[in-house]
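Enquirer: quick one, what's the 3D model for this:
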Amino acid sequence: MFTHEFVGQPGAGSRIASQGAGWLIVLGRGPPPGREEKCESQRCEKPSRLLVQAEVCHDRIEPTVRTARRMNRFAKQRGARWNKQLALRRSNRVTRQRNARPALAEEQMTETMKIEFVALAALPVQTRASPERAGGETGHARTLVIFMGKDFAFGAATRRLIGDRGEALIKKAAAAVKFKGKALTALDLVAPAGLAAGRLVVVGTGGDGDSEDGKGQIKKNLPPPPPDHADLGGFVMGKLGHAASATVVFDPPSPPKDPARAAAEFMLGIRLRDYRFDDYKTKKNEDGETEGRADIVLAVDAPAAVRREAKGREAVAAGVRTARSLVNEPANILHPEEFTNRAAALKKLGVEVTVLDESAMRELGMGALLGVGQGSIRGSRTVILRWRGSKSAKDSAKAKSKPMAFVGKGVCFDTGGISIKPAAGMEDMKGDMAGAACVVGLMQALAERKANVDVVGAIGLVENMPGPQAQRPGDIVKSMSGQTIEVINTDAEGRLVLADLLWYVQDKFKPKFIVDLATLTGAILVALGQEHAGLFTNDDELGERLIAAGKATGEKLWRLPLAAAYDKMIDSKVADMKNTGGRHAGSIIAAQFLQRFVNGTPWAHLDIAGTGMGSPASEINQSWGSGFGVRLLDRLIADHYEG
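Expert: Numbers count the residues shown, from 1 in each chain. Here you go, the predicted model:
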């Protein structure tokens, strides 16, 4: 709780409450002279410069220093003193409210499922002599999951487990329902005769000589796409259902090149598919699903090797789930202050967290970012996250090093401002902070898996609201770079937020490269739909590596051009530039705008408006928020930059 102390005349006895900032200021008897306790932000030499760093103010940022000063002056005029007992009572109530909903890092520690790795060779044969010798009561019998390819192809370990009797049973059932083993299809047998399992799920993996066309039809003798084991894991989890108890025999008919990595990816898919966001549902079991924690036994060739690979995937899964939850949260809960609090929870994982309030940003000259948020009663924030995982990075506190940098747009709600959006669909604008959510999820993943890298994450958190103080079309703002911007449309606000963030990051950290993510333009949906995110870059090598990481993770990118002819479209007659360039090439124009603020640093911009929120359901995600970008960027780092 951020408590502010007011010193006035002895015996003052009135009380003041600030509604906007959630304050309770009690005026009464104060502490003895010389024993006043001060918050860290008051002890700092420049309190407005840095609101939160390390353990300052118990991770709370309410309200801003500017508000604190105003309330302080107001209280002093009335001879105010604080009442410590009542202030502590208020603090305790806030603490109880926070404890009711776990913080970011703590939430990820709450296991929703148990996954155990065992050796394939250790599994007992699943056939039984007679139906009476079932493996326990029906309600407690485990589900057995096996994999089958084209022409009833099974792995050697699978054949040993099910025997001739099990294979005959599968062929008979498959003939009845015309199951051919096509990829991501399943044959589901309840109480299979002759097998110990209470349920048998046979999952198709396809054949080596077949592939599918765009309509889902099998085409003969076409090279198959590389197997996506994460999708396969998600598909299996979807078939099992929440809180399932199952043994999965990871013995594909076509052995993967790297079995341990494939099994770890399969486990990742299971974790991601199991995600659900139902925090605000009062009735959570209306579909008749079993309550409790899933219990999955994954049988693999080399359990020790898979455990090593899976450790990193567990961290990535946690980061993706965090990003999804941030995107799914309603805007009345996840405003800039609360978002800041959740990002600050990463300190528990060893991430350095620095938070700039409005006064600090004003001192830095971040007029573009501040202009976006000035119509909201919620204060804007910039949060800087740094993970120093490498030895050289840890030494960089004394000797400067060049980190990688990831920047996220965090518009917690976007009404469009004075250039207000239509009412239909505006509720989706709670997800206009998906870029910032990705950066937070990525930093969590890197910290949890102890990545050997030096990475900076920067997120700008604002609300774009209409109001008496909101910026207007035609206003001119000055960015941190010194360049002036004519605001043509207040609904083109994300690029204003990113402009100051990009300049701040390149100026302060001198990074190897910058990748920014933003739900920036509706035009990218028109161009690419929801299958690809738009990629813009000034560095071919970085672009190629991002595209490769996208193909490897299924978070696909499509590169679009940047050119001087497009850049001219944002020249302004009254300022250095304007924030829109008309209806044509909207996504490209936005990227050209951002490029003016990277100062020659290798840079890539990902427009995730079609993939970061409201994306189609997939095998690994049934949620509105996808967590797009976490796996992509983690893969980029792991493949090319992690030493």
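
Enquirer: for the stretch 251-400 of the chain, what spans make up the helices?
Expert: Along the stretch 251-400 of the chain, the stretches classed as helices by DSSP state H, counting those that start in this stretch are 259-273, 303-328, 336-344, 358-364, 367-373, 391-394.

Enquirer: wait, which of those helices is closest to S419?
Expert: Between S419 and the helices of the stretch 251-400 of the chain, the shortest gap by Cβ to Cβ is with helix 367-373, which sits at 11.9 Å. Glycine gets a C-beta too; all of them are placed from N, C-alpha and C.

Enquirer: quick one: list the elements packing against that closest one.
Expert: Secondary structure elements in contact with helix 367-373, counted by 3 or more Cβ pairs under 8 Å, 6 or more residues apart in numbering; DSSP states H and E, are helix 358-364, strand 454-464, strand 476-478, helix 494-509.

Enquirer: coming back round to it: which of the helices of the stretch 251-400 of the chain sits most buried?
Expert: Between the helices of the stretch 251-400 of the chain, the one whose residues have the most neighbours on average, counting mean count of other Cβ atoms under 10 Å, is helix 367-373 (a mean of 27).

Enquirer: who's in contact with that helix?
Expert: Residues from elsewhere that reach helix 367-373, judged by Cβ atoms under 8 Å, 6 or more residues apart in numbering: 336, 358, 361-362, 379-380, 382, 411, 417, 460, 462-464, 471, 475, 477-480, 485, 487, 490, 493, 496-497, 499-501.

Enquirer: rerun at 7 Å
Expert: In this structure, residues lying in contact with helix 367-373 by Cβ atoms under 7 Å, 6 or more residues apart in numbering are 358, 361-362, 380, 460, 462-464, 471, 475, 477-479, 485, 493, 496-497, 499-500.

Enquirer: going through these, which ones are buried?
Expert: Among the contacts of helix 367-373, those classed as buried by neighbour count (16 or more other Cβ atoms under 10 Å) are 358, 361, 380, 460, 462-464, 471, 477-479, 485, 493, 496-497, 499-500.

Enquirer: tell me the confidence at P602?
Expert: The predicted local distance difference test score for P602 is 98.

Enquirer: that one contacts D540, correct?
Expert: No: here P602 lies out of contact with D540, judged by Cβ atoms under 7 Å, at a distance of 9.8 Å.

Enquirer: so which of the two has more stuff around it?
Expert: P602 (17 against 10; other Cβ atoms under 10 Å).

Enquirer: quick one, what contacts the more buried one?
Expert: Taking Cβ under 7 Å, 6+ apart, we find P602 in contact with F513, N538, D539, L542.

Enquirer: change it to 8 Å
Expert: For P602, the residues meeting the contact criterion (Cβ under 8 Å, 6+ apart) are K512, F513, I514, N538, D539, L542.

Enquirer: do G194 as well
Expert: When contacts are counted by Cβ under 8 Å, 6+ apart, G194 is found next to T127, R128, P131, R165, G166, L169.

Enquirer: gap between F509 and I384?
Expert: Counting by Cβ to Cβ, to the nearest Å, the gap from F509 to I384 is 9 Å.

Enquirer: list the residues that contact both of the two?
Expert: Common neighbours of F509 and I384 (Cβ under 8 Å, 6+ apart) are V456.

Enquirer: neighbours of the spatially closest residue to A122 that is not a sequence neighbour, how many?
Expert: Of all residues beyond its chain neighbours, the one nearest A122 is A299 (7.7 Å), with distances taken as Cβ to Cβ, 6 or more residues apart in numbering. A299 has 25 neighbouring residues, counting by other Cβ under 10 Å.

Enquirer: which pLDDT does the model give the one residue sitting closest to the centre of the chain?
Expert: Computing the C-alpha centroid of the chain and ranking residues by Cα atoms, centre = their mean puts A323 first, at 1.8 Å. Looking at A323, its pLDDT is 98.

Enquirer: show me the contacts for it.
Expert: A434, A437, C438, V440, G441, L442, G625, G627, F628, G629, V630.

Enquirer: can I get those in JSON lines with distance to L370 and neighbour count?
Expert: Rendered in JSON lines, the data for these read as follows (distance: Cβ to Cβ, whole Å; neighbours: other Cβ atoms under 10 Å):
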{"residue": "A434", "distance to L370": "22", "neighbour count": "32"}
{"residue": "A437", "distance to L370": "22", "neighbour count": "36"}
{"residue": "C438", "distance to L370": "23", "neighbour count": "35"}
{"residue": "V440", "distance to L370": "22", "neighbour count": "29"}
{"residue": "G441", "distance to L370": "26", "neighbour count": "31"}
{"residue": "L442", "distance to L370": "26", "neighbour count": "33"}
{"residue": "G625", "distance to L370": "27", "neighbour count": "25"}
{"residue": "G627", "distance to L370": "29", "neighbour count": "31"}
{"residue": "F628", "distance to L370": "28", "neighbour count": "32"}
{"residue": "G629", "distance to L370": "26", "neighbour count": "30"}
{"residue": "V630", "distance to L370": "28", "neighbour count": "31"}
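
Enquirer: farthest-separated two in the residues you listed?
Expert: Among the contacts of A323, the pair separated by the greatest distance (Cβ to Cβ) is L442 and G625, at 14.8 Å.

Enquirer: so what's F513 closest to, chain neighbours aside?
Expert: Leaving aside its chain neighbours, F513 sits nearest to P602 (4.0 Å; criterion: Cβ to Cβ, 6+ apart).

Enquirer: again, but for R559
Expert: The spatial neighbour of R559 that comes closest, neighbours along the chain excluded (Cβ to Cβ, 6+ apart), is L535 at 4.6 Å.

Enquirer: so what's the one you found bridging to?
Expert: Partner residues in beta bridges with L535, using DSSP bridges, are R559, L606.

Enquirer: and it, how many neighbours?
Expert: Taking other Cβ under 10 Å as the neighbour definition, L535 ends up with a count of 22.

Enquirer: wait, it sits on I608?
Expert: No: proximity of L535 to I608 does not meet the contact threshold set by Cβ atoms under 8 Å, at 10.2 Å.

Enquirer: elements contacting the helix or strand hosting V203?
Expert: Using DSSP states H and E, V203 sits in strand 199-204. Based on contacts counted as 3+ Cβ pairs under 8 Å, 6+ apart, the elements that strand 199-204 packs against are strand 143-148, helix 156-177, strand 186-190, helix 229-240.

Enquirer: got the contact list for the second one?
Expert: What it means is helix 156-177. Contacts of helix 156-177 from elsewhere in the structure, counted by Cβ under 8 Å, 6+ apart, are 120-121, 123, 125-127, 144, 146-148, 152, 154, 179-181, 187, 189, 192-195, 200, 202, 249, 251, 299.

Enquirer: by how many degrees do that helix and strand 199-204 diverge?
Expert: Helix 156-177 runs at 90 degrees relative to strand 199-204, counting by axes from the mean of the first three to the mean of the last three Cα atoms, to 10 degrees.

Enquirer: N599 and W503 touch, don't they?
Expert: Yes: if you go by Cβ under 8 Å, N599 and W503 touch, sitting 7.1 Å apart.
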